[in-house]
Structure formats: C-alpha cells, structure tokens
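Colleague: Mind looking at a prediction? Sequence and model below.
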Amino acid sequence: MASGIVGLFRFPDFYTKIHAAGVIEVCGLPFCFIGLALMQSDYTSTFKLVAIAALIFLLNPVSTYALARAAMPVKLDEKGRVK
C-alpha cells in the first residue's frame with residue numbers, strides 16, 4: 001500500500017495516478033478486510049467482511065477502467081485539469 005501512496009504523489013498525469021489508486025484498493029483493502037475477518041469470532045461478521053473484500057477485489061478494476069474511459073474524451077493536462 002505504501003508504494004501506491006508514493007505513486008499518487010510521484011506519477012505525473014491522471015491516468016498513472018488512477019492506476020496507483022487502483023493498485024492500492026485492489027491489493028491493500030481486501031487483505032485488510034480478510035485480516036479483520038480472521039479476528040472475528042462469529043461467522044456472520046466473517047462472511048460479511050470476506051464478501052466485502054471479494055466485491056472490492058472484483059469491482060474496483062471495473063470502476064477504475066470506467067473512470068479512465070470516461071476521462072479519455074476530455075483532454076487533460078499533466079496536472080489532471082481540463083485543457
């Protein structure tokens with residue numbers, strides 16, 4: 001997760017920054033939820049946390065792709081502002 005956060009500050013343009021944000025969310029958040037699920041004592045909380053981790057793992061790349069695809073027709077400069 002730390003390398004993705006560094007990427008958010010170091011990468012120059014919008015598309016590489018959303019790539020770094022996507023890596024943080026796909027690789028980091030599900031593992032946090034799975035770690036929390038291992039600490040739970042009841043099965044319903046464990047199931048809910050694992051389900052949330054699975055949804056994040058599956059749906060985040062789709063939403064990142066949709067965001068990048070929607071930004072393509074809009075011409076962005078290197079700071080992510082509309083030209």
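Modeller: That came in fine, so what should we check first?
Colleague: Poorly predicted segments of this protein, please.
Modeller: By pLDDT under 70, the low-scoring segments of the chain are 1, 77-80.
Colleague: residue ranges of the helices in the protein, please?
Modeller: Shown for the chain, the helices assigned by DSSP state H span residues 2-10, 14-23, 29-39, 43-71.
Colleague: Of these, which stretch is the most buried?
Modeller: helix 14-23 (a mean of 17; mean count of other C-beta atoms under 10 Å). For the C-beta atoms, the positions are set from N, CA and C on the backbone; glycine is no exception.
Colleague: coming back round to it: tell me which of the helices of the chain sits nearest to R81.
Modeller: helix 14-23 (9.1 Å; C-beta to C-beta).
Colleague: List the neighbours of the closest one that are in contact with it.
Modeller: For helix 14-23, the external contacting residues (C-beta atoms under 8 Å, 6 or more residues apart in numbering) are 3-5, 7-8, 11, 60-61, 64, 67-68, 71, 76, 80.
Colleague: what's the closest of the residues you listed to K48?
Modeller: Of all those, N60 has the smallest distance to K48: 17.9 Å, by C-beta to C-beta.
Colleague: who's in contact with that closest one?
Modeller: 22, 25-26.
Colleague: what do you get if the cut-off is 10 Å, keeping everything else the same?
Modeller: Going by C-beta atoms under 10 Å, 6 or more residues apart in numbering, N60 touches 21-27, 29-30.
Colleague: Against V74, how distant is it?
Modeller: Applying C-beta to C-beta, to the nearest Å, the value for N60 to V74 is 22 Å.
Colleague: Spatially nearest residue to the most centrally placed residue in the chain, not counting backbone neighbours?
Modeller: Compute the mean C-alpha point of the chain, and by C-alpha atoms, centre = their mean the closest residue is E25, 2.7 Å away. Leaving aside its chain neighbours, E25 sits nearest to N60 (4.8 Å; criterion: C-beta to C-beta, 6 or more residues apart in numbering).
Colleague: Roughly how far does that neighbour sit from L36?
Modeller: Computed as C-beta to C-beta, the N60 to L36 distance reads 18 Å.
Colleague: try R81
Modeller: Distance, R81 to L36, by C-beta to C-beta: 38 Å.
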